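Asker: here's a sequence, model it:
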Amino acid sequence: MMTPTRREFIARAVRGAGGLSLAWLSSPGAAFSSASQSADDKAAYLRLPSSALAERAEALKARYKNCDLCPRDCRVDRTQGEKGKCQASDRVKISSAFPHFGEEAPLVGRGGSGTVFFSHCGLRCLYCQNSEISFEAHGEEISERRLAEIFLKLQDIGCHNINFVTPTHFLPSIVQAVAFARPQGLRLPLVYNTSGYERVEILALLDGIVDIYLPDFKYDSPGPAAKYSSEAYNYPHYARLALKEMHRQVGELALDGRGVARRGLIIRHLILPNRLAGTKGFLKFVAAELSKGTAINLMRQYRPEYRAKEFPEINRVLKTGEYTEALGWARELGLTRFDL
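Answerer: Take a look at the predicted model:
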């Protein structure tokens, strides 16, 4: 049976939850109980001084006025309704929030990963599985305090972490929501689930806040990045710098006694047909400039979605040989954690 795409997984989850709107998070009950934490097992932001989260949020919010949160560097004033490449205002918008059981096993555990899917996207890949969210921006605008309540609800129902999916363009509001939720008892690790199209100076403001970085590395060369991700020719440059900074902050993936992720870096790499993602170059980069113990999910579930049919070279699923070739490269380079 072919692995379901994220879109298919979400659709099935929505049907199984009876609609899975944001109102679902107001329902009572807990599917699982959260594990207790020792002093050495605290989420990173719990170690910060009480004022630090609010200070970081304010520093980030100032960037909404001349937005440079991602490498698009649009410099629009989102507080006045101006819109850049991501098409988002300064009011946070989410499409769904629920315990996700389709993420990597160390994130899912028994209680699921508490995913919050943010609407809009700054990278805008033309084969996106979630174009309704990223391009069409389906979802609901909510306040930062409501977002904090959602984090707490995901914790209450037994999720192992709070997983911010495509968060970069709403990062100021996310950090503010964490600041609101912390004194209310939020204690779960935070997962920064991103396309990898990040600026180091923005990531530096997350140092000591994020526990687990979950970036994509989509392309190893500018040509495919520009062609398939809305002119993001500089993607490989910024993604490499971002991965180095993430690795510096959190290091290799660390698990607790149940095999659940507590801290560290997991890199997703979606293998594209015809070697267009530059998989071998990506693996060489990880082995040489991060560590051979870096956790990597070599993803073979590419399917032509959204506008992929307009490009014959990516208008097909991956061949078995293309995936086994990638596994062979990983082994040759001495990588040890590449099949999450």
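
Asker: show me where the stretch 1-150 of the chain has its strands.
Answerer: Along the stretch 1-150 of the chain, counting by DSSP state E, counting those that start in this stretch, strands occupy 93-100, 113-118, 140-141.

Asker: return the most buried member of those.
Answerer: Stretch with highest mean neighbour count among the strands of the stretch 1-150 of the chain: strand 113-118 (a mean of 27; mean count of other Cβ atoms under 10 Å). In short, each C-beta sits where N, CA and C put it, glycine included.

Asker: report the angle between the axes of that one and strand 93-100?
Answerer: Strand 113-118 and strand 93-100 are oriented at 170 degrees to each other (axes from the mean of the first three to the mean of the last three Cα atoms, to 10 degrees).

Asker: so what's the gap between strand 113-118 and the chain middle?
Answerer: Taking Cα atoms, centre = their mean, to the nearest Å, the mean C-alpha location of strand 113-118 is offset from the chain mean by 9 Å.

Asker: tell me what it is packed against?
Answerer: In terms of contacts (3 or more Cβ pairs under 8 Å, 6 or more residues apart in numbering; DSSP states H and E), strand 113-118 is packed against strand 93-100, helix 144-156, strand 162-165.

Asker: got TSV for those, with mean pLDDT and distance to residue 249 too?
Answerer: Shown next, in TSV, are those (pLDDT from 0 to 100; distance: least, Cβ to Cβ, whole Å):
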stretch	mean pLDDT	distance to residue 249
strand 93-100	97	24
helix 144-156	98	21
strand 162-165	98	15
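
Asker: between the ones you listed, which gets nearest to residue 54?
Answerer: Closest to residue 54 of the helices and strands packed on strand 113-118, according to Cβ to Cβ: helix 144-156, at 11.4 Å.

Asker: the closest one - contacts with which helices or strands?
Answerer: Going by 3+ Cβ pairs under 8 Å, 6+ apart, helix 144-156 lies up against strand 93-100, strand 113-118, strand 162-165, helix 171-181.

Asker: for residue 137, find the nearest of the ones you listed.
Answerer: Of the helices and strands packed on helix 144-156, nearest to residue 137 by Cβ to Cβ is strand 93-100, at 6.8 Å.

Asker: which of the helices and strands packed on strand 113-118 sits closest to residue 51?
Answerer: Between the helices and strands packed on strand 113-118, helix 144-156 lies closest to residue 51; by Cβ to Cβ that is 16.8 Å.

Asker: can you give me the buried ones in the closest one?
Answerer: 144, 146, 147, 148, 149, 150, 151, 152, 153, 154, 155, 156 (16 or more other Cβ atoms under 10 Å).

Asker: now those residues in JSON lines, with distance to residue 274?
Answerer: As requested, the buried residues of helix 144-156 are exported to JSON lines (distance: Cβ to Cβ, whole Å):
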{"residue": "144", "distance to residue 274": "43"}
{"residue": "146", "distance to residue 274": "44"}
{"residue": "147", "distance to residue 274": "40"}
{"residue": "148", "distance to residue 274": "45"}
{"residue": "149", "distance to residue 274": "46"}
{"residue": "150", "distance to residue 274": "40"}
{"residue": "151", "distance to residue 274": "41"}
{"residue": "152", "distance to residue 274": "45"}
{"residue": "153", "distance to residue 274": "44"}
{"residue": "154", "distance to residue 274": "39"}
{"residue": "155", "distance to residue 274": "43"}
{"residue": "156", "distance to residue 274": "46"}
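
Asker: between these, which is nearest residue 268?
Answerer: Using Cβ to Cβ, those come closest to residue 268 at residue 154, 21.3 Å.

Asker: that closest one contacts residue 96, doesn't it?
Answerer: No. Between residue 154 and residue 96 there is no contact under Cβ atoms under 8 Å: 11.5 Å.

Asker: what is in contact with these two at once?
Answerer: residue 116 (Cβ atoms under 8 Å, 6 or more residues apart in numbering).

Asker: and the spatially closest residue to residue 291 that is not a sequence neighbour, what does it touch?
Answerer: Once flanking residues are discounted, residue 291 sits nearest to residue 252: 6.1 Å by Cβ to Cβ, 6 or more residues apart in numbering. If you count contacts by Cβ under 8 Å, 6+ apart, residue 252 has them with 264, 265, 291, 293, 294, 295.
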